[in-house]
Structure formats: structure tokens, C-alpha cells
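> Just a sequence and a predicted model for now, questions to come.
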Amino acid sequence: MRRGASIAPERQGGVAQMRHVAIIGSGPAGYYTAEALQKLYGDSVAIDMIDRLPVPYGLIRSGVAPDHQSIKAVYKRYEKVALSPNVRFVGNVCVGPDVTVADLVELYDAIVFATGAPNDRPLGLPGSDLPGVVGSAAFVGWYNGHPDFADLDPPLDVAAAAVIGNGNVALDVARILAKTRSEFAGSDIVGRALDALEASSIRTIHVLGRRGPHQIAMTPKELGELGHLEAAAPRVDLADFPPQADDALLEPGMRKSVSHLRDFAGLPRDKPKLIDFDFFAMPVAVEGEGRVERLIVERTKLTEDLRSVGTGERYAVECGLVVSCIGYQTPPIEGVPYEHGRGRFANQDGVIGGGLYAVGWARRGPTGTIGTNRPDGFEVADTIFAAYPPEGGSKTGGPGLDTLLHARGVEPVAFRDWQRIEAAETGRAREGSPREKFTSIAEMIAALGR
Ligand SMILES: Cc1cc2nc3c(=O)[nH]c(=O)nc-3n(C[C@H](O)[C@H](O)[C@H](O)COP(=O)(O)OP(=O)(O)OC[C@H]3O[C@@H](n4cnc5c(N)ncnc54)[C@H](O)[C@@H]3O)c2cc1C
């Protein structure tokens, strides 16, 4: 047990005056907020970054696609923040069951919720509780080794899958379903998922969007990749597109995305797998005997203000797996006001009230890229700094938390512990892969010899 091992000596003496901030969540939003607080306060702040998992980095580890290692490399920037003396990682501690918000209010000047939006928005269709319907948080978590989803075992012994959504997460899911084993070289997809995907019988991946090609939320780089897959080719129907001249009205990124989509129409159909873009397609029901067998879809059209409305025309998409990529929600935490309609903490510019703040997806909802969380965290850090000037704190912060966790028998994982987990993951990686992740908390803790 290494309780308090990472508390810097200079923090111990300054407990009475310095400010103590707890950041809940160690994803991008948490780290950018910590970085900003460090810049503002210098040595006058002590930051505890509490995460429910023994491993840091949130969706950088468990969301960003395993075959996009250059994007995942952003964690190196967070590592610098994590290793600085006034930031401490307190992993394996879940705010809610292990430590309450009321506990934290006693111990810290400010508490920042950077808990992301890890729950899938429910599909909410008749039949969507059938086996074989999974949310993208679960599916992505499965191939990325998130302990909550390691045992998902999605049905891949089927001929076709339907991916619902027209954003980058849908693209990630379609690409992962389409890739060959060799195309995962250099990735850190977990071995079990890689084996299952290699054995998959899926040959057609339908990507369904309620609106048209001009309304997608897919970025050009991710879309362009689909045109270069080893064993899969994308297909679009040019009849779904507005006149080409209209592309000129799009902003440049979107124009590039649409241009990739148009190019897909000219690609040869000589590969065994197909990624079929189905626009103006609104799923209305899932059907099957004991498991998914088909998705019932209603054709849509656009209104003048670009909303989609059903036309009444329905058809069936035969598929044995449905992955819904329709957005996420932040789980509520007792003691934190919640905005149910938007699935996030109730906040005004990141301020919840009573010393509580929200950043990242817990603040804004599940939109934007990794980089979007930076200005967000910096803005909230400015607000905290204005409310709690560097001198004048009287809270106990980290040492108080350690006492409380010890009394409750909760064993936190420090950043140096995580580095030992990381080294163990690197040590057992298959050839060419940066790591083979542990997919259960028990395995992670066992790697520490506890
Ligand atoms: C599938 C997918 C792929 C993506 N790919 C890209 C990409 O390629 N490029 C890009 O720019 N963006 C990508 N994004 C978006 C990016 O991941 C997010 O913008 C970013 O991760 C949001 O950061 P966050 O810190 O708000 O939340 P998260 O990254 O989700 O971090 C939240 C953290 O809070 C912790 N936590 C939650 N609840 C508790 C609790 N009660 N107690 C303690 N800890 C808790 C979690 O364990 C987690 O570590 C992707 C998102 C998804 C879902």
C-alpha cells in the first residue's frame, strides 16, 4: 500500500495556506484543467485528480480508436502534468460510492467534475433490448479494453451489421469491423477483440444516418481512410446527394468530407466486405426471434430548416448486430445538480455552484474533439482562480482524503503505480503493438503485486 506516496514534500508543510482542488476524472478535460491551474497558481495549489479506474486518460485510452496511435499520443502531454509535484493521481477511487461530494466539499476549495459522458444514449426503439443491440460506448470499450465492457462478446457470427449514426464514432466502429488482422499492426486493440474480429463473418456494414451527405458529422481524414482499406470498400448512392455545385457552399472541412463520399461512388467493388452508406434512413424498430435479425428503417426527407422527417416508406435492413452511435450522457452523481434533458451536469459556463465546477463532456455534453476540452478547462481554471485567490486556503486536501479512504478500506492507485501497470502492459504486448491492456481492475491491481 503506497498511500500518499506521491504527495510532494513541499505540499506537506503548506497544507494550511495553499489551495486544494479535486479534479474528478483524468481524461483530457481533467488534465487541461490541471495544467491551467498549475499555470495560474504555481506552487500555491495542490491538485488531486481522482479517477474511478486505476489507469488514467479517460477516452484517450478507452475511446480513441486503437489504430489511431498518433492521436492517442496526446497522453504524453498529460504525463508531464501528472508528474509535476503539485498534481497527484488518485486512481481506483469512484466519486459516489467510495467518496461522496459532501466529503470532497469538506476537503477541497474547489471540485471540478471532468467525468466525461460514458453512458450511451438509449436507442429507445421497440426491440432495442434484443441481444445483439449494443451502444458504441460498450462496443468501443470492448475493443479498447475498458474494464466495464471487457466481457461484451458482441455477435460477430452474422453476415451484416448496422451502425447507426453519421459521426466519427460510427466511422470508427465501421472501420474496426471492416479491417483485417494485418491492418491492426501497430495498434493496441486488445488481443481478445482482435481474435474475435478476425474470426468475424460480417461482410456488410450498413452505416445509417437520418439526414443526407451534407449533414454528416464525419471529418475528412477519418472518412478518407475508408477508401483505402485492404478488404472493404465503401459504397454510396449518388442519388442521395444534392447537386455537386452545392458543395461549394460547405465550409472547407465538410466540403472535403463530401468530396470523399462522392469519390466512394467511383471505387471498384472488388473487395469482400462492403461499407454501405444509407442516408435519409431513420431506424424505427429492431426485430428478431431472441436476437437481432433486422432493423426496420423509415426513409426520411429534409425540411427547409434541415430537420429529418419520416416519409412513411419503410424497409428492412437484415443484420445480426446493431451498434448505435447516437451520443452519450454523463451519469448523475449524488449532490451534483443535473440537467436531465441534455444528459450533463447543470452548469453555467462551467460553474455548478457551491465550489463545484464542470469541464469537458461533463460540462458541454459529448461534442468536440480532444482539443476542444483545452479552452474549456482553461476557462474554468480562470474562474476558480478568481474565486479562490492563491493565499487563504484552510482545507486539508490530499492528506485528508488519504485518511478518509484509509478508514473506508479504499486503496488508491498513485501515478507511479499506474506507470508500473503500464510497464506490465508494455511487457506483455504482442509483436509490433505498444501494449496489451489489462481489461479488468483485478488484473491491473494484481500487476502491482497487491
Ligand atoms: C469512441 C470515441 C472516439 C473518439 N475519437 C477521438 C479522436 O480520434 N480525436 C479526438 O479529437 N477526439 C476523439 N474523441 C473525443 C474525445 O475522446 C473527448 O473529447 C474527450 O475524451 C472528452 O474528455 P473528458 O475529459 O471530458 O472525458 P473522458 O475522456 O471520458 O474522461 C472522463 C474520466 O472520468 C472518469 N470518471 C467518470 N466517472 C467518475 C467518477 N464517478 N469518479 C471518478 N472518476 C470518474 C473516467 O474513468 C474517465 O477517466 C472520441 C470520443 C469517443 C467516444
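Structure received.
> When you work out contacts or count neighbours from here on, use the C-alpha atoms and nothing else.
OK.
> Okay, now stretch 287-301: how far is its last residue from its first?
24 Å (C-alpha to C-alpha, to the nearest Å).
> buried stuff in it?
Across stretch 287-301, burial judged by 16 or more other C-alpha atoms under 10 Å covers 287-288, 291-301.
> Please, where are all the strands along the stretch 251-400 of the chain?
Here the stretch 251-400 of the chain has its strands, by DSSP state E, counting those that start in this stretch, at 273-278, 281-287, 294-302, 308-318, 321-324, 328-329, 338-339, 344-345, 351-353, 356-358.
> Any chance of TSV for these, columns distance to the ligand and mean pLDDT?
TSV is the format used below for the strands of the stretch 251-400 of the chain (distance: least, C-alpha to the nearest ligand atom, whole Å; pLDDT from 0 to 100):
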stretch	distance to the ligand	mean pLDDT
strand 273-278	18	98
strand 281-287	21	98
strand 294-302	23	98
strand 308-318	24	98
strand 321-324	12	98
strand 328-329	8	97
strand 338-339	14	98
strand 344-345	11	98
strand 351-353	15	98
strand 356-358	9	98
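> got TSV for those strands, with distance to Gly365 too?
Output for the strands of the stretch 251-400 of the chain, formatted as TSV (distance: least, C-alpha to C-alpha, whole Å):
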stretch	distance to Gly365
strand 273-278	26
strand 281-287	23
strand 294-302	25
strand 308-318	22
strand 321-324	17
strand 328-329	7
strand 338-339	10
strand 344-345	6
strand 351-353	14
strand 356-358	11
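> Looking at the stretch 151-300 of the chain, which residue is nearest the ligand?
Going by C-alpha to the nearest ligand atom, the ligand is nearest to Val169 of the stretch 151-300 of the chain, at 4.9 Å.
> between the strands of the stretch 251-400 of the chain, which gets nearest to Lys80?
Closest approach to Lys80 among these (C-alpha to C-alpha): strand 356-358, 22.7 Å.
> Quick one: distance of the closest one to the chain centre.
What separates the centre of strand 356-358 from the centre of its chain is 20 Å, taken as C-alpha atoms, centre = their mean, to the nearest Å.
> Summarise which helices and strands it is packed against.
Packing partners of strand 356-358 (3 or more C-alpha pairs under 8 Å, 6 or more residues apart in numbering; DSSP states H and E): strand 110-113, strand 351-353.
> Now with 6 Å, please.
Under the contact criterion of 3 or more C-alpha pairs under 6 Å, 6 or more residues apart in numbering; DSSP states H and E, strand 356-358 touches strand 110-113.
> and the helix or strand following the strand it packs on, which strands flank it?
On the C-terminal side of strand 110-113, the closest following helix or strand by DSSP states H and E is strand 119-120. Strands adjacent to strand 119-120 in the sheet, as given by DSSP bridges, are strand 328-329 (antiparallel).
> where does this structure come near the ligand, residue by residue?
Counting by C-alpha under 6 Å from any ligand atom, the chain comes close to the ligand at 24-30, 50-53, 56-60, 63-65, 94-96, 114-118, 140, 169, 360-362, 368-370.
> Quick check on those residues: which are buried?
Taking 16+ other C-alpha under 10 Å as the criterion, what is buried in the residues of the chain next to the ligand is 24-30, 50-53, 56-60, 63-65, 94-95, 114-118, 140, 169, 360-362, 370.
> From those residues, which land in helices?
Judged by DSSP state H, helices contain the following of these: 28-30, 59-60, 140, 169, 361-362.
> how much space between Ile384 and the ligand?
18 Å (C-alpha to the nearest ligand atom, to the nearest Å).
> neighbours around that residue, how many?
Ile384 has 23 neighbouring residues, counting by other C-alpha atoms under 10 Å.
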